[in-house]
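Undergrad: give the three-dimensional model of this entry:
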Amino acid sequence: MRFELLEIVINKAEKLNNLIEIRENDINLEEIKSKWISYEPEPKEIHVLASDGSFYSKQYLGYFLGVFGGYAEEFNPDTLQQNESFVGDLYVSVIKQPENFKTLLTLFMFLSEVKAAYNLAKEKKPKLIMLDGTLTSKFIIPFPLPYWFTKEDCSSLSKIVDTLYSDIKKECLNYKSIYSLSDKVLEKVLKELPEDKRRFDFLEVIITQLAYYEHLITLYSLLTLEYKPLVIGLAKTSTGTDLLGHSIPDIKLFLEYCDNLGYSETVGQNLQDLKSEFGNLANIDQELNNKIYEIHINAFYTKYYDEKSINLVEYYQHDKTVDVEELIDYIAGTVADGNPYPFILKRMDREVRITKEDFELIERELEFIFNKTGRESLQWE
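TA: Sure thing, here's the model as predicted:
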């Protein structure tokens, strides 16, 4: 780093800190406290399943490599039994919009963690399913668009996607891994594509859009399992301002100005406001499209263990049999070792995380370790 840049940082430090500092004159303390309910949780054990995901990527000269995985684990306090499920894969891309590759890997990661949770939940039937991050974030992941991969006219590809969608919907839930990345689907797609120098670009458009639909199908199926579990998403950060309407996110204001354990008022999350369309789902599967929009997700902020820690909780339940305080009791019952976050989710993060060292091992196994990235000339001996 150049010294001149450090000088700029030093000169602007105080001004920037003053700008982002919460000013008391801008805060309506009464309003904040009026939307906070003090509550001392009574930790309760419950048959719980938790799921989390991870990905790692690298750009080489001419293509990208991404690896991703989702890991789920369930624990039944009545039987003291513990079981696990893993879904993961790798993806090689010649995507022409590099900034969208991580978005694409986020989609594959979400699909992996939701599929791992679905596989295990269907078998073990936990009463509470906990996903890392919000439920709504998994619905509003962007739909992969053709221009990410090619500038060519892709109007004919939508017909192929529409044709293969019924196969994805019929088979994906019975397939333990990611069906849209399976050899069976790959072969079907290639049969539909003409021999063309842009064939790989077209293949990516179709495969990634099918993966998007597989994700929606799996996520909806997880939320609506026949035995009706309670499904929540737990987030450590949030930009939401629905409750307080301040430029500063609600989560920051509740953390700073509500000193007691408890929870905020509940606010509904309207998927139709958050996501205008799910790709072309309205045309190829109007029934599922409508059912997704009918899902009612509620959200609230809570301090359930430590007054200095707060989470955003989004939850979905078929029947209103569990109230907010009972839900908080269940979340508090998953905390251990004095850490104000569910122990089982911390385990998921540790188990599924793909590190730089992990990726280098994968590179060696794929014999990619010496592939050029285009940045070799910047390296010093």
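Undergrad: A helix includes Tyr165, no?
TA: Yes - per DSSP: H, G, I helix; E, B strand; the rest coil, Tyr165 lies within a helix segment.
Undergrad: mind listing what it touches?
TA: Leu210, Tyr213, Ile284, Asp285 (C-beta atoms under 8 Å, 6 or more residues apart in numbering). Bear in mind the C-beta positions are built from the backbone N, C-alpha and C, glycine included.
Undergrad: now those as CSV including distance to Ser51?
TA: CSV is the format used below for these (distance: C-beta to C-beta, whole Å):
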residue, distance to Ser51
Leu210, 22
Tyr213, 20
Ile284, 28
Asp285, 25
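Undergrad: element containing Phe202?
TA: Here Phe202 sits within helix 199-223, counting by DSSP states H and E.
Undergrad: what is that helix packed up against?
TA: Packing contacts for helix 199-223, counted by 3 or more C-beta pairs under 8 Å, 6 or more residues apart in numbering; DSSP states H and E, involve helix 101-124, helix 135-139, helix 157-171, helix 183-192, helix 286-294.
Undergrad: can you tell me which of the contacts of Tyr165 is nearest Tyr147?
TA: Ranked by distance to Tyr147 (C-beta to C-beta), these are led by Leu210 at 17.8 Å.
Undergrad: that closest one against Lys184, yeah?
TA: No - using C-beta atoms under 8 Å, Leu210 makes no contact with Lys184, being 11.8 Å away.
Undergrad: who has more neighbours, these two?
TA: Taking neighbours as other C-beta atoms under 10 Å, Leu210 and Lys184 compare with Leu210 leading, 25 against 12.
Undergrad: burial of the residue lying closest to that one once chain neighbours are set aside, as a residue count?
TA: Counting by C-beta to C-beta, 6 or more residues apart in numbering, Ser180 is the residue found nearest to Leu210 once chain neighbours are left out, at 4.1 Å. Residues lying near Ser180 (other C-beta under 10 Å) number 28.
Undergrad: so Ser180 makes contact with Cys172?
TA: Yes - counting by C-beta under 8 Å, Ser180 touches Cys172, with 7.2 Å between them.
Undergrad: mutual contacts of those two, please.
TA: Glu214.
Undergrad: now do the strands in this structure.
TA: Assigned by DSSP state E, the strands in the chain fall at 36-38, 48-60, 63-76, 81-93, 128-132, 230-235, 262-264, 267-269, 297-303, 311-316.
Undergrad: other SSEs contacting the second one?
TA: It stands for strand 48-60. Looks like strand 48-60 contacts strand 63-76, helix 101-124, strand 128-132, helix 343-352, helix 356-366 (3+ C-beta pairs under 8 Å, 6+ apart).
Undergrad: so which elements touch the shortest one?
TA: Translated: strand 128-132. By 3+ C-beta pairs under 8 Å, 6+ apart, strand 128-132 packs against strand 48-60, helix 101-124, strand 230-235, helix 343-352.
Undergrad: so what are the sheet partners of it and their directions?
TA: Strand pairing for strand 128-132, determined by DSSP bridges: strand 48-60 (parallel), strand 230-235 (parallel).
Undergrad: who touches it?
TA: Here strand 128-132 has contacts from 46-53, 113-114, 117, 121, 138, 222, 229-235, 330-331, 334, 342, 344-345, 348-349, using C-beta under 8 Å, 6+ apart.
Undergrad: for ChimeraX, what selects the buried ones among those residues?
TA: Listed next is the ChimeraX selection for buried residues among the contacts of strand 128-132, using 16 or more other C-beta atoms under 10 Å:
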select :46,47,48,49,50,51,52,53,113,114,117,121,138,222,229,230,231,232,233,234,235,330,331,334,342,344,345,348
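Undergrad: number of nearby residues for Glu277?
TA: With other C-beta under 10 Å as criterion, Glu277 counts 11.
Undergrad: so for Pro77, what's the nearest residue that isn't a sequence neighbour?
TA: Nearest one to Pro77, counting by C-beta to C-beta, 6+ apart, is Glu45 at 4.2 Å.
Undergrad: neighbours around that neighbour, how many?
TA: Glu45 has 13 nearby residues by other C-beta under 10 Å.
Undergrad: could you dump the strands of the chain into CSV with mean pLDDT added?
TA: What follows is these, written out as CSV (pLDDT from 0 to 100):
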stretch, mean pLDDT
strand 36-38, 97
strand 48-60, 95
strand 63-76, 95
strand 81-93, 95
strand 128-132, 97
strand 230-235, 96
strand 262-264, 98
strand 267-269, 93
strand 297-303, 97
strand 311-316, 97
